[in-house]
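In: Here's a sequence, model it:
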Amino acid sequence: MNNKAKFLPYGRQTIDEDDITAVVETLRSDFLTSGPAIEAFETAVSKETGAKATISCSSGTAALHIAVLALGLGPGDWAIVPTITFLATANAVRYTGADVIFADVDPDNGLMTIETFQAALEANKDKNIRAVLPVHLSGQPICSVEIVKLAHSKGIKIIEDASHALGSSYQEKNSKKMVNVGACAHADMTVFSFHPVKVIACGEGGAVTTCDPELEKRLRLARNHGMTKNSDEFLNTSLSRSSDGSNNPWYYEMIEPGYNYRLSDIHAALGLSQLSKLGQYVAARQRIVALYDQLLNKVNLNVSLLKKISGCSVAWHLYPVLINFDALGVERAQIMDALSKKGVGTQVHYIPVSSQPYYQALYGKQHLAGAEAYYARALSLPLFPTMLDLDVEHVVMSLNEAIKHK
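Out: Below is the predicted model of the structure:
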């Protein structure tokens, strides 16, 4: 089958025989959930990122939710979220009853900046802002050190939404040291997603990393019904202990209401196998992005590359380009349809969350110029590790033809 006979989606999982073997071995084991694969996966993620603790979850959304819960956010509290992100980043805040302040972004890469963060703070001085959730969109790390420094100076906690960025790293300011996203060298917590189109896949899955033992404790409680079997934490000793003073082996206590957000061993086994190939996947994505950059520079003056953050090694999850559809006199949907007919799948990441009907009804219409400019031009082209150079060339040629024929 030649490359033109394929359909190239904007993203897809890469599953090898060793992934299938890992899942089958788990299915044949004694544990399908709450077993050894969970601990092994969490340990591997901690080793990969450099964090002291990893708490796996059933999805990236669940991971965001327990991260916000771990900070104790609730009614009367506010959190700052960049408006260019998936719905879950903002929704996780709302699940707790807290409110969302939407920050603007850089129009040329969709990332919240220190300037847009400052603007959000300045415009909301009267609010009890407890947290900020920077989003490493497409895999590019935000200049988080500056954001973290400003946030912490105001008592604001940081939850990095790194759903796109497992395997990314950034250079410390005034230093040659590279810091892994997820190490929580500056952030309080970092959230990852292992959805099939992400850098590694669990099928569905997510995780929170942290270096704070108290946050780790709260995260584990929130993930598992708010329940503990740690006898040191028991309050009701008349029920927890037998007449001889020993602990009753069946006993547990619920510290606070929690959720069933556990990852299964089946998903963890797939994730662990995938994680062993993270470096391979990241290198493949970086190679494909470099080829796209080279070829797209020759396409059209109205097609721009994403602005890159310097001093970073990016595990590219998405490959968005910025197209001036107005200057071309064509609608984005027409280009997407033309590409689809040539076997090229595309997507838009993302519609500004602040423009969603729910949030407009809650907070009114908002004008965020950077986000509007980014959204108006964004189009994500196919990116996944098994793409061939011929596939990339086909995508670029198809885009060029679609533009010329409109």
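
In: for Ile101, helix, strand, or coil?
Out: At Ile101, secondary structure determined by DSSP: H, G, I helix; E, B strand; the rest coil is strand.

In: so which strand or helix has the residue nearest to it when sequence neighbours are not counted?
Out: Nearest residue to Ile101 in three dimensions, chain neighbours excluded: Ile80, at 4.7 Å (Cβ to Cβ, 6 or more residues apart in numbering). The C-beta positions use only the backbone N, C-alpha and C, and glycine is treated the same way. Element membership of Ile80 [criterion: DSSP states H and E] is strand 78-82.

In: residues in contact with the nearest residue to Ser340 once chain neighbours are set aside?
Out: If you skip the residues right next to it in sequence, Ser340 has Thr346 as its closest partner in space, 7.5 Å away by Cβ to Cβ, 6+ apart. When contacts are counted by Cβ atoms under 8 Å, 6 or more residues apart in numbering, Thr346 is found next to Tyr10, Ile335, Met336, Leu339, Ser340, Leu379, Ser380, Leu381, Pro382.

In: could you redo the last one with a cut-off of 10 Å?
Out: The contact partners of Thr346, taken as Cβ atoms under 10 Å, 6 or more residues apart in numbering, are 8-10, 320-321, 332, 335-337, 339-340, 379-382, 395, 399.

In: Just those residues: which are in helices?
Out: Secondary structure defined by DSSP state H assigns Arg332, Ile335, Met336, Asp337, Leu339, Ser340, Val395, Leu399 of the contacts of Thr346 to helices.

In: From Thr96, how far off is Pro257?
Out: Distance check for Pro257 against Thr96: by Cβ to Cβ, to the nearest Å, it reads 12 Å.

In: Now do the shared contacts for these two.
Out: Going by Cβ under 10 Å, 6+ apart, residues that sit against Pro257 and also against Thr96 are Leu69.

In: the more surrounded of these two?
Out: Thr96 (17 against 11; other Cβ atoms under 10 Å).

In: Can you give me the neighbour number for the closest residue to His164 other than its chain neighbours?
Out: Nearest in space to His164, with sequence neighbours left out and distances taken as Cβ to Cβ, 6+ apart, is His317 at 3.8 Å. The local packing of His317 (other Cβ under 10 Å) involves 28 other residues.

In: Equivalent analysis for Phe194, please.
Out: Phe194: 31 surrounding residues under other Cβ under 10 Å.

In: Enumerate every residue touching it.
Out: 13, 41, 45, 56-57, 59-60, 63, 163, 166, 200-207, 263, 267-268, 270-271, 274-275.

In: What distance do you get for Ala70 to Ser169?
Out: 25 Å.

In: out of those two, which sits in the more crowded spot?
Out: With other Cβ under 10 Å as the criterion, Ala70 and Ser169 differ in neighbour count, and Ala70 comes out ahead with 26 against 21.

In: Mind checking what secondary structure the spatially closest residue to the more buried one that is not a sequence neighbour has?
Out: Of all residues not flanking Ala70 in the chain, Arg218 sits nearest, at 4.1 Å (Cβ to Cβ, 6+ apart). When states are read from three-state DSSP, the local structure at Arg218 comes out as helix.

In: Next up, the contacts around Arg218.
Out: Arg218 sits in contact with 55, 66-67, 69-72, 210, 212, 226, 255-256, 258, where contact means Cβ under 10 Å, 6+ apart.

In: Mind telling me what element Ala90 is part of?
Out: Assigned by DSSP H and E, Ala90 falls within helix 87-95.

In: Can you give me the buried ones in that helix?
Out: Neighbour counts over helix 87-95 (16 or more other Cβ atoms under 10 Å) mark Ala88, Thr89, Ala90, Asn91, Ala92, Val93, Tyr95 as buried.

In: Now do the contacts for the second one.
Out: For Thr89, the contacting residues are 60-61, 64, 68, 79, 81-83, 100, 133-135, 159, 161, 163, 191, 350, 353, taking Cβ under 10 Å, 6+ apart as the criterion.

In: quick revisit: ok, now how distant is the residue nearest to Ser340 from Ile288?
Out: As for Thr346, its distance to Ile288 is 15 Å (criterion: Cβ to Cβ).

In: same check, this time on Arg377
Out: Distance of Arg377 to Ile288, computed by Cβ to Cβ: 21 Å.

In: sorry, back to before: and the strand holding Ile80, what's its mean pLDDT?
Out: Over the span of strand 78-82, the pLDDT mean works out to 98.

In: if we can go back for a sec, which ones among the contacts of Thr89 lie within strands?
Out: The strands, defined by DSSP state E, take in Ala79, Val81, Pro82, Val100, Ile159, Asp161, Val191 from the contacts of Thr89.

In: Which of the residues you listed sits closest to Val303?
Out: For those, the residue nearest Val303 by Cβ to Cβ is Pro82; the value is 24.2 Å.

In: can you tell me which two in the ones in helices among the contacts of Thr346 are farthest apart?
Out: Based on Cβ to Cβ, the longest span within the ones in helices among the contacts of Thr346 runs between Arg332 and Val395 and measures 16.1 Å.

In: Between strand 99-103 and the strand holding Ile80, find me the angle.
Out: Computed by axes from the mean of the first three to the mean of the last three Cα atoms, to 10 degrees, the angle separating strand 78-82 from strand 99-103 equals 30 degrees.

In: let's number from 247 now, not from 1
Out: All right, first residue 247 from here; so that's strand 324-328.

In: Tell me which other helices or strands strand 324-328 touches.
Out: Secondary-structure packing of strand 324-328 (3 or more Cβ pairs under 10 Å, 6 or more residues apart in numbering; DSSP states H and E): helix 333-341, strand 345-349, helix 360-368, strand 375-378, strand 403-407.

In: Touching, Leu541 and Asp637? I think so.
Out: No: distance between Leu541 and Asp637: 11.6 Å, which falls outside the contact criterion (Cβ atoms under 10 Å).

In: Same drill for those two, tell me which one is more crowded.
Out: Asp637 (20 against 17).

In: residues of the helix or strand that contains the more buried one that come out buried?
Out: For Asp637, the element it lies in under DSSP H and E is helix 635-650. Along helix 635-650, the positions that meet the burial threshold by neighbour count (16+ other Cβ under 10 Å) are Asp637, Val638, His640, Val641, Val642, Ser644, Leu645, Asn646, Ala648, Ile649.
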